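# Got a predicted structure plus its sequence, pasted below:
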Amino acid sequence: MILLALALPVSAGATSEALAEVDGVAITLRRSRRRSARRSRGSRSQIYTRKRQKVEALIAERLLAREAQKRGTTIQALLDAEVTSEPPTLTGPST
């Protein structure tokens, strides 16, 4: 059974009052605020991670462009030569 009680405005002492009840367990404003705070911390962390990844990608693009220009080639040719090409076959020491 779910009971929902909405009362506006909420007084300062009402944080422990039940907003809802599920199977006899009260859902309080305090519990709701704690959960919201945890979610917002996670959201801020995710936003920071995405921003950092974007900055790192821009840095990598700039460094690739600079190296390609230095070698007189394109970024794609540089990537093909340095990243996607097959590495040379290693041979053992000659005796």
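Happy to help now that I have it.
# all helices of the chain, in order?
With DSSP state H as the criterion, the chain has helices at 29-71, 75-79.
# out of those helices, deepest packed?
Of all those, helix 75-79 has the most neighbours on average by mean count of other CB atoms under 10 Å, namely a mean of 14. (C-beta placed from N, C-alpha, C; glycine too.)
# In PDB, could you pull the C-alpha coordinates for that helix?
Only the C-alpha atoms of helix 75-79 are listed here, as PDB (Å, rounded to 0.1, in the frame of the first residue of the first chain):
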ATOM      1  CA  ILE A  75      46.600  13.600 -39.600                       C
ATOM      2  CA  GLN A  76      45.100  10.500 -41.200                       C
ATOM      3  CA  ALA A  77      48.400   9.600 -42.800                       C
ATOM      4  CA  LEU A  78      50.200  10.100 -39.500                       C
ATOM      5  CA  LEU A  79      47.700   7.900 -37.700                       C
END
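# Any idea how far it is from the middle of the chain?
Here the centre of helix 75-79 is set off from its chain's centre by 29 Å, with CA atoms, centre = their mean, to the nearest Å.
# just stretch 29-38 next, same as before
From the chain centre to the centre of stretch 29-38 is a distance of 21 Å (CA atoms, centre = their mean).
# May I have the phi/psi pair for residue 23?
Per-residue torsions, residue 23: phi 50, psi 40 (degrees, to the nearest 10).
# Kindly tell me how buried it is, as a neighbour count.
Number of residues near residue 23 (other CB atoms under 10 Å) recorded here: 6.
# Lovely, talk soon.
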